[in-house]
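# Fold the following and give me the result.
(one chain, ligands or ions: 1)
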Amino acid sequence: MAVFRKLSWFFKLEWKAYSLGIIFLIFVAALELIPPKLIGATVNGINEGTLTKELLLQLAGALLAVGIANYVIRYFWRFYIFGASIRLGRLLRSQLYAHFTELDQSFYKKNRSGDLMAHATNDVQAVSMTAGAGILTLVDSVTMGSFVIITMVTTISWKLTFFSLLPMPIMVYLTSRYGKMLHTRFHDAQSAFSDLNDKVAESVSGIRVLKATGQVEADVETFTDLSSDVVQKNKRVAKIDALFDPTIFGVVGLSYIIAVGYGAYLLRQGEISIGDIVSFTAYLGLLTWPMLAFGWLFNIVERGRASYDRIEHMLAIEPEIQDALHAGDTVASSEIDIAIERFSYEEKPVLSDIALQILPGRSLGIVGRTGAGKSTLVRLLSREYDVTKGRITLGGRNLKQLKRRAVREQVAVVPQDHFLFSESIADNIAFACPEATMEEIMEAAKTAAVHDDILGFPEGYATVVGERGVTLSGGQKQRISIARALLADCPVLILDDALSAVDAKTEERIIEHFRTASNNQAQVIVAHRLSAVSHADEIIVLEDGRISERGTHHQLLERGGWYKETYDRQQLETLVEQGGGTNES
Ligand code: ADP
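Numbers count the residues shown, from 1 in each chain. Alright, predicted model coming up:
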């Protein structure tokens, strides 16, 4: 029951709803006690021949009144208790959501977002259930159970009560056990089903590879295996599910046999009346639910506790990058000074001895082999990670002394893995500045050389992107992402290999637009194709996390190192490609 204590903050918050809900629940429990008495009185009246028409009408009227009152009050307790539990679900969901948006890349590298979502959904549901059905079963099993037993003992016979209730604990034990087994098996069935789903999703998206490699039959076999597994596991669920009813009816039936058998004996002894036996059996019927609720309660509480622990654990994870105590939120200029002695994710140093300066209105090109540390440098510049040894300053201020939000406002990054939302193209471009005018959006799209493409779509800028809209090529997506970053107009713009999917000519146009746009922006361009950085004021070549070459395009060509070799090779490749025509992926 510790979970109820842990949730006490919520019960305090919603004390009104819970107090009213519980009062109504107790009312219902008390009302339930009346009908068996009325029926007993009717039977006694028949038996003794004292039942008049008026009395019968009175009894029937009372039964009706109790029924109506019950109907109304039941509505209210549900409204209050389940209403509150739904609000708890909403509260936890928004807390988790807000928290997830605060966490940084390193968290999402360690945790798969699909798993996070599934857990969050199930856990929130389990805790919300504890605050709803958990409270209901607790109150009902305690109040209703004790009310009925007290009424049986005091108004009928303690002996009959004692013997008739002997089988009931068996039911509590068994149903609670089945509940646990059902939960585990249900989980297994669910995960078998998600395995099947994952498999189908993967096969459908890789259908071409499957066909090309002649693996279709093997794939169908795997599918059949997985799908029989789902059937097996669901059968196991059904087997337990099927045990509930026979157990309940069996145990309750046993109680009835004792009640009627022993009741008849007591009747013969003159200890109780025939009406008492009728009322008693009706009370026994009323006891079934509180007993079931009691068994159910333990399962709900146990699941709720495990889920609440997981939610608490998740909420306790701190983002690795935190705002310093007196972190500033403005910078004097967009001048960047990089003095990294060393940076490592784990043990191995990824960047060493990087000393650079990027002035406003100037550009820096970063090139090098895959794995050389280019993206890492970008991540440090946008403060996805903090420099281990050394520092990066923006406008004279150490990034660590700036609020994360301030860094985001100063530095716009167009990442390699661009992301567009299922909204219109205009909204996607204006994502960081929703108040932008259509002219500004178009201006950004023109600079990113995507304006003409957009006009070619069925609804121009209003065309919706994604599953329910138009499918864009990789290059178009990249250019829309660039337009988005351009519109944000941050003092620092970083393109992290953001031109990889556009053809050489389009790249040239974009670079040209960048060059001529006379502004004070500091630009950092990471690229695989050297033509994307050839115009930059300074170019660095990274090799194993160190600067191996630096200078302008011409200086580097003259130097005759990796840069020149790569440049010559790429020029040749372009010539060959142009011979065969260019293609945008
Ligand atoms: P590039 O962008 O030049 O291809 P990266 O900056 O992505 O290079 O990677 C540099 C090195 O850091 C590589 O050896 C890579 O394996 C490693 N690395 C990159 N990201 C991580 C990470 N999140 N955790 C651990 N190692 C990483």
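# contacting residues around the nearest residue to Y567 once chain neighbours are set aside?
The shortest distance from Y567 to any non-neighbouring residue, by CB to CB, 6 or more residues apart in numbering, is to L530 (4.8 Å). To be clear about C-beta, it is placed using only N, CA and C from the backbone, and glycine gets the same treatment. L530 makes contacts with 367, 563, 566-567, 570, as judged by CB atoms under 8 Å, 6 or more residues apart in numbering.
# is it true that R342 lies in a helix?
No: going by DSSP: H, G, I helix; E, B strand; the rest coil, the assignment for R342 is strand, not a helix.
# So in terms of bridging, what pairs with it?
For R342, the beta-bridge partners are S352, K389 (DSSP bridges).
# Pretty sure it sits against S352.
Yes: look at R342 against S352 with CB atoms under 8 Å: they come within range, at 5.3 Å.
# Could I get the contacting residues of the residue lying closest to T42 once chain neighbours are set aside?
Leaving aside its chain neighbours, T42 sits nearest to L59 (5.4 Å; criterion: CB to CB, 6+ apart). By CB under 8 Å, 6+ apart, the contact set of L59 is 38, 41-42, 45.
# Out of the contacts of L530, the closest to the ligand would be?
For these, the residue nearest the ligand by CB to the nearest ligand atom is V367; the value is 9.1 Å.
# in what helix or strand does the closest one lie?
Assigned by DSSP states H and E, V367 belongs to strand 363-368.
# Output the contacting helices and strands for that strand.
In this structure, strand 363-368 packs against helix 374-381, strand 522-526, strand 538-543, helix 562-580, with contacts taken as 3 or more CB pairs under 8 Å, 6 or more residues apart in numbering; DSSP states H and E.
# let's go with 7 Å and repeat that
Judged by 3 or more CB pairs under 7 Å, 6 or more residues apart in numbering; DSSP states H and E, strand 363-368 is in contact with helix 374-381, strand 522-526, strand 538-543.
# Surely V127 touches Y308?
Yes: V127 lies in contact with Y308 (CB atoms under 7 Å); the separation is 5.0 Å.
# Neighbour count: these two, which is higher?
Taking neighbours as other CB atoms under 10 Å, V127 and Y308 compare with V127 leading, 29 against 21.
# in the helix or strand hosting that one, what's buried?
Assigned by DSSP H and E, V127 falls within helix 113-129. Neighbour counts over helix 113-129 (16 or more other CB atoms under 10 Å) mark 116, 119-120, 123-129 as buried.
# between these, which is nearest the ligand?
Proximity of the buried residues of helix 113-129 to the ligand (CB to the nearest ligand atom) peaks at L116, which lies at 17.8 Å.
# Tell me who's in contact with the closest one.
By CB atoms under 7 Å, 6 or more residues apart in numbering, the residues touching L116 are F100.
# let's go with 10 Å and repeat that
Contacts here follow CB atoms under 10 Å, 6 or more residues apart in numbering; on that basis L116 touches 96, 100, 103, 107-108, 314.
# tell me the SS of the nearest residue to A532 once chain neighbours are set aside?
In space, and not counting its chain neighbours, A532 is closest to L499: 5.1 Å by CB to CB, 6+ apart. Three-state assignment for L499 (three-state DSSP): coil.
# could you pull out the helices for the stretch 51-200 of the chain?
Taking DSSP state H, counting those that start in this stretch to define them, one finds helices in the stretch 51-200 of the chain at 53-102, 105-110, 113-129, 135-139, 145-151, 158-165, 168-205.
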